[in-house]
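Peer 1: Here's a sequence, model it:
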Amino acid sequence: MLRSIATVGGWTMASRILGFARDVLIAAKLGAGPVADAFFVALKLPNLFRRLFGEGAFNAAFVPAFAATLTREGFAEAQRLAERMAGLMGLWLALLTLLGLLFAPQILTVLAPGFTGRPAQFALAVELTRIVFPYLLLICLAALVSGVLNGLSRFAAAAAAPVFFNVMAMAALLGLTPFVATPAHALAWGVLASGVLQLGLVWWAARQAGMALNPFRRLALGEGERMVLRRMVPGVIGAGVTQLNLAVDVIIASLLPTGAVAFLYYADRVAQLPLGVVGAAIGTALLPLLAGQIAARQPLSAHRSQNRALEVSLALTLPAAVALAVLAAPIIAVLFERGAFDAAASAETAMVLRAYAFGLVAFVLVKALTPAFFARGDTRTPVLAGLLAVAANLGLNLLFLAGGGLGAAGIALATGLAAWLNVALLGGLLMRRSLLVLDRSLRRRLPRLLGAALLMGALLALPGLFGLPQRGAMGALVLGASCALGLVAFFGLAHLLGGLDLRQMRGLLRRRRA
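Peer 2: Residues are numbered from 1 along each chain as shown. Below you'll find the predicted structure:
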């Protein structure tokens, strides 16, 4: 298991690093103007459907069913299940792709209504959408085959496949741009090519594992396939809430002046680093732990696990949120300010990043609270809370849009406020049902962690007050030193104030290594 975790973690880290390199290159080539906005909206469509029907929702239903079939009924029956699901998904996704290609203008009229008043940008967005939309079919099939590989305990190819997205995007931007109309066209073709390579890699790996899949051989719908589809429904609904929130942000951003969609994209990419690492890890680790403790009728253990998950979430995200808010300007300038991405775009993106930082803790707390419902078989409550958060997000977006002045930062702020509402709803319902009681340790440490994070933020603000460089090579050195100093300062202050016990953490790490 440790080897598998290391394999997946290593390739995921490589993908994250390459993803930042890709975004730096995109910012340099596309900047934050109408071309960038058109590309990001075009990419949003296949990604929205991919996250809705593929990956998480599908794998959560398919992988356990595939693994159970493999164990109980053997290799051949598991292969039949995989082939039937591949055939069904292929037909459904092919139809969805065809509809997307045919009705791209109508879809964009709904998703980006602000573009309709800018005919050239709208036409470009339609053209780019039609290039990248087949990526939906390719990447969802790749997710299915990756699930097969994971069920066979073959993790390397599935974990390595996303690297091709970043590599092909950068290769297309560098090599294809002189031969097409705009850098966005080159990037769109790179995205499509990455889908072909990702599907090809995992399909070849499955064949090497003895699971050569032929989705056209078996298209019947058996009981196994029906079970997978039934289990997908809660995941699709849950994913739909999140994607609806993202779609609302894009719709509102398209109504703002040119560049708003790009500002949101670049800021979100930075904010996603702590959110993706901490939030995903907390949610993934907590769900099976809580489910096991609840099944074993160990409510006290479940209570302790929930409190420690919240404590770890706060210990890791409070300093990250404060650091992103204080260092937003140098972070964006060092990462993106070059080529077509000018100082004005950098300033606007930094404002959006500060607004995202306000909601960062809430985004992670939602991931720490949701498993408490899922572990008890309650998938309905988090969805209802999420729908209320979507409604609040829409209302706040319209309020900020009518008020004016906030621009793209208002969209990020509305998203953060909606996330805090989601936390209040989930936490309040758990407390009302006596499923969450903040223990003495968490109540004692929370204000101390907050105090340590705020003191760290004051320390991080000093380079800007003294006029130290925030751009170029010297700016990168100052930013790196500031981050290192902030990390040491937070954990040192948290230990001195009693928010963290570094000796206890060191003892836990030693026991884990032993």
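Peer 1: Which residue, other than its chain neighbours, is closest to residue 133?
Peer 2: In space, and not counting its chain neighbours, residue 133 is closest to residue 100: 4.3 Å by C-beta to C-beta, 6 or more residues apart in numbering. Any C-beta I mention is one placed from the backbone N, CA and C, and that applies to glycine too.
Peer 1: what's the spacing between that neighbour and residue 188?
Peer 2: 14 Å (C-beta to C-beta, to the nearest Å).
Peer 1: which of the two has more neighbours?
Peer 2: When neighbours are counted by other C-beta atoms under 10 Å, residue 188 comes out ahead of the other of residue 100 and residue 188, with 27 against 20.
Peer 1: what sits against the more buried one?
Peer 2: Residues near residue 188 by C-beta atoms under 8 Å, 6 or more residues apart in numbering: 39, 42, 43, 128, 131, 132.
Peer 1: Which secondary structure element is home to it?
Peer 2: According to DSSP states H and E, residue 188 maps onto helix 183-208.
Peer 1: what about residue 417, which SS state?
Peer 2: In three-state terms, and counting by DSSP: H, G, I helix; E, B strand; the rest coil, residue 417 is helix.
Peer 1: Contact partners for it?
Peer 2: Each residue near residue 417 by C-beta under 8 Å, 6+ apart is listed here: 359, 392, 393, 396.
Peer 1: Return the distance of it relative to residue 95.
Peer 2: Look at residue 417 and residue 95: by C-beta to C-beta, they are 38 Å apart.
Peer 1: Can you report phi and psi for residue 211?
Peer 2: Residue 211 adopts backbone torsions of phi -110, psi 70, taken as degrees, to the nearest 10.
Peer 1: pLDDT score for it?
Peer 2: In this model, residue 211 is scored at 78, pLDDT.
Peer 1: swap in residue 58?
Peer 2: 62.
Peer 1: again with residue 203
Peer 2: We have a pLDDT of 89 for residue 203.
Peer 1: ok, it to residue 499 distance?
Peer 2: For residue 203, the distance to residue 499 - C-beta to C-beta - is 49 Å.
Peer 1: which one of the two has more residues nearby?
Peer 2: Taking other C-beta under 10 Å, residue 203 and residue 499 do not tie; residue 499 has more neighbours (24 against 20).
Peer 1: I'd like to know how far the more buried one sits from residue 444.
Peer 2: In this structure, residue 499 and residue 444 are 9 Å apart, going by C-beta to C-beta.
Peer 1: Likewise for residue 139?
Peer 2: Residue 139 is 46 Å from residue 444, by C-beta to C-beta.
Peer 1: Which of those two has more residues huddled nearby?
Peer 2: residue 139 (25 against 12).
Peer 1: Which residues are in contact with the more buried one?
Peer 2: Contacts of residue 139 were listed using C-beta under 8 Å, 6+ apart, and they are 46, 50, 54, 195, 198, 199.
Peer 1: Who's the closest spatial neighbour of residue 90, skipping the chain neighbours?
Peer 2: residue 215 is the one closest to residue 90 (C-beta to C-beta, 6+ apart), at 5.1 Å.
Peer 1: And that neighbour, how far from residue 366?
Peer 2: For residue 215, the distance to residue 366 - C-beta to C-beta - is 36 Å.
Peer 1: For those two, indicate the residue with more neighbours.
Peer 2: residue 366 (25 against 19).
Peer 1: which element is the more buried one on?
Peer 2: Taking DSSP H and E as the definition, one finds residue 366 inside helix 343-374.
Peer 1: same question, residue 124
Peer 2: helix 119-132.
Peer 1: Let me know the next secondary structure element after that helix.
Peer 2: Downstream of helix 119-132, the first helix or strand assigned by DSSP H and E is helix 135-151.
Peer 1: pLDDT on that following helix, on average?
Peer 2: For helix 135-151, the mean per-residue pLDDT is 84.
Peer 1: what's the next secondary structure element after it?
Peer 2: Using DSSP H and E, the helix or strand that follows helix 135-151 in sequence is helix 156-160.
Peer 1: Point out the other helices and strands that that next one packs with.
Peer 2: helix 2-30, helix 135-151, helix 183-208 (3 or more C-beta pairs under 8 Å, 6 or more residues apart in numbering; DSSP states H and E).
Peer 1: I'd like to know which of those is closest to residue 313.
Peer 2: Nearest to residue 313, of all the helices and strands packed on helix 156-160, is helix 2-30, at 19.4 Å by C-beta to C-beta.
Peer 1: Buried residues of the helix or strand following the closest one, list them for me.
Peer 2: Next along the chain after helix 2-30, taking DSSP H and E as the criterion, comes helix 34-53. By neighbour count with 16 or more other C-beta atoms under 10 Å, helix 34-53 contains the buried residues 34-53.
Peer 1: What of stretch 350-363?
Peer 2: By neighbour count on 16+ other C-beta under 10 Å, the buried set for stretch 350-363 is 350-363.
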